[in-house]
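K.L.:
coordinates only, sequence not included:
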């Protein structure tokens with residue numbers, strides 16, 4: 001369905017405290033209030049601004065080319081029974097049996113003594129009975145085993161379609177409630193890069209990287225890399241994840257990753273390596289810890305563009321008082337409150353935006369934040385006057401159980417926006433701003449891949465790539481900006497095996 005004019009949100013935007021002296025977010029001109037005071041020193045992180053200059057191991061995906069039995073004590077040409085004594089010759093160890101004494105001939109049947117004949121007949125009869133009974137029992141067992149095997153096979157193949165109809169055991173590397181963060185950037189050679197971050201069952205953070213030059217995925221254990229470099233981190237199981245990237249043209253590549261620690265502090269790590277083989281701990285963790293609510297989500301955006309952007313990195317999280325807080329890389333010390341009364345565990349998505357044209361490059365870039373208030377998907381605007389203001393109430397069909405998930409991107413010179421929402425049953429819907437109005441609750445079709453896919457968690461980058469967690473695997477789809485409601489299956493995203501790549 002679509003609406004010509006969505007309602008405006010009535011949620012209260014926080015106002016700045018009159019007596020504050022903390023630094024503003026945007027070049028000292030922001031109207032954002034200061035509401036959070038610094039907390040005691042951070043408990044998890046060793047202050048470091050840069051990744052170690054040492055060499056890190058490459059942990060890309062690679063196949064096992066060795067022979068499984070190469071080092072077996074029973075090699076391919078060995079004789080398993082070599083050295084076992086052979087059975088003796090007939091008559092006992094090569095010696096002939098002594099001759100028997102000849103006895104008088106008695107009554108014979110079929111050339112045999114009568115007694116011998118009847119003994120043999122009895123034995124043959126018993127053998128036939130045993131064979132009949134054994135055959136019947138064996139046939140029954142074989143039939144039952146065939147049914148069980150068929151049932152197991154049917155169970156294992158359910159959910160596939162096309163070439164993906166045959167499935168194997170689900171990936172057991174990922175945590176069952178692993179979140180997904182996705183990002184994209186372009187390097188100086190004009191090659192496009194994708195990054196996907198997940199979490200394994202040991203709470204390690206994992207990175208998967210793809211680019212248009214190599215056309216293949218590589219993967220690394222980010223937590224293991226940091227541990228080996230002397231800067232270990234701890235991420236809580238099921239932590240929310242957020243990625244922000246910057247790169248060509250105009251800036252040097254950097255990818256920043258945000259997560260929550262076991263004590264719900266906001267953590268920051270980063271890499272300047274295109275394949276994610278080196279990581280360092282970010283400057284944010286040198287400041288007083290920023291503590292989020294246990295069920296807070298995270299959003300991140302590097303606001304950079306040729307004209308009108310702040311060029312700063314922004315992080316959003318919810319605290320235990322249901323206040324939405326903003327962090328700014330120009331000065332990580334202050335925390336700004338921009339919204340009060342946020343729903344617990346509200347979904348969060350932050351995108352760059354340009355309103356009323358912008359193709360001529362003269363309009364200052366803005367930002368749009370998407371969150372939920374009750375069963376409504378609401379919008380908060382950072383306008384070109386550097387002020388947060390209420391936006392549209394986009395839809396009122398959001399389910400709160402389980403908590404909603406939102407991923408979003410903008411395109412067409414940042415004039416159009418696509419917000420993908422995960423529904424309560426694991427399906428996905430699209431909400432699209434088409435430069436004039438919101439088109440809401442549009443069904444998204446999934447072409448190819450697992451049939452009737454229902455995702456546990458979702459992610460999306462700015463290049464029209466969507467990712468969903470399904471039965472322990474990350475599935476990738478692409479969509480065209482001309483038809484954003486049709487997702488086409490690409491394949492699965494590999495992750496590192498902790499037993500091989502840590």
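P.N.:
Arrived safely. Everything numeric here is computed off the predicted structure, so don't read it as measured data. Numbers count the residues shown, from 1 in each chain.
K.L.:
Which stretches in the stretch 101-250 of the chain count as strands?
P.N.:
Counting by DSSP state E, counting those that start in this stretch, the stretch 101-250 of the chain has strands at residues 108-109, 112-113, 181-186, 192-199, 205-211, 217-221, 242-246.
K.L.:
ok, and what's touching the top strand by length along the chain?
P.N.:
Of all the segments assigned as strand in the chain under DSSP state E, the longest by residue count is strand 483-493. Outside strand 483-493, the residues that touch it by CB atoms under 8 Å, 6 or more residues apart in numbering are 164, 196, 208, 217, 418, 430, 432, 442-449, 464-467, 473-480. For the C-beta atoms, the positions are set from N, CA and C on the backbone; glycine is no exception.
K.L.:
re earlier: want to throw the strands of the stretch 101-250 of the chain into JSON lines with mean neighbour count and mean pLDDT?
P.N.:
Below are the strands of the stretch 101-250 of the chain laid out as JSON lines (neighbours: other CB atoms under 10 Å; pLDDT from 0 to 100):
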{"stretch": "strand 108-109", "mean neighbour count": "12", "mean pLDDT": "58"}
{"stretch": "strand 112-113", "mean neighbour count": "14", "mean pLDDT": "62"}
{"stretch": "strand 181-186", "mean neighbour count": "23", "mean pLDDT": "98"}
{"stretch": "strand 192-199", "mean neighbour count": "23", "mean pLDDT": "98"}
{"stretch": "strand 205-211", "mean neighbour count": "25", "mean pLDDT": "99"}
{"stretch": "strand 217-221", "mean neighbour count": "24", "mean pLDDT": "98"}
{"stretch": "strand 242-246", "mean neighbour count": "23", "mean pLDDT": "97"}
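K.L.:
Could you figure out how far the longest strand of the chain is turned away from strand 181-186?
P.N.:
Relative orientation of strand 483-493 versus strand 181-186 (axes from the mean of the first three to the mean of the last three CA atoms, to 10 degrees): 100 degrees.
K.L.:
mind listing the helices for the protein?
P.N.:
114-157, 222-228, 498-501 (DSSP state H).
K.L.:
Tell me the buried residues in the second one?
P.N.:
When you say that, I think you mean helix 222-228. Across helix 222-228, burial judged by 16 or more other CB atoms under 10 Å covers 222-226.
K.L.:
I'd like to know which of these is nearest to residue 499.
P.N.:
Residue 499 lies nearest to residue 224 out of those, by CB to CB, at 11.5 Å.
K.L.:
just so I know, which of the strands of the stretch 101-250 of the chain lies nearest residue 174?
P.N.:
strand 192-199 (5.7 Å).
K.L.:
what lines up beside the closest one in the sheet?
P.N.:
Sheet pairing of strand 192-199 (DSSP bridges) gives strand 181-186 (antiparallel), strand 205-211 (antiparallel).
K.L.:
Skipping adjacent residues, who's closest to residue 447 in space?
P.N.:
residue 488 (4.9 Å; CB to CB, 6 or more residues apart in numbering).
K.L.:
For the one you found, give its distance to residue 478.
P.N.:
Residue 488 sits 5 Å away from residue 478, going by CB to CB, to the nearest Å.
K.L.:
Look at these two and report which has more neighbours.
P.N.:
residue 488 (17 against 13; other CB atoms under 10 Å).
K.L.:
The closest residue to residue 347 other than its chain neighbours: how many residues sit nearby?
P.N.:
Spatial nearest neighbour of residue 347, excluding adjacent residues (CB to CB, 6+ apart): residue 406 at 3.9 Å. Using other CB under 10 Å, residue 406 has 24 neighbouring residues.
K.L.:
now residue 428
P.N.:
23.
K.L.:
Ok, the one 3 residues further on next?
P.N.:
The burial count assigned to residue 431 is 25, neighbours taken as other CB under 10 Å.
K.L.:
tally of neighbours for the nearest residue to it once chain neighbours are set aside?
P.N.:
Nearest residue to residue 431, sequence neighbours excluded (CB to CB, 6+ apart): residue 419, at 4.4 Å. Neighbourhood size, residue 419 [other CB under 10 Å]: 26.
K.L.:
Now do the same contact list for residue 419.
P.N.:
Per CB under 8 Å, 6+ apart, neighbours of residue 419: 349, 370, 377, 394, 406-408, 430-432.
K.L.:
In this structure residue 342 contacts residue 322, no?
P.N.:
Yes: Residue 342 is within contact range of residue 322, at 4.9 Å (criterion: CB atoms under 8 Å).
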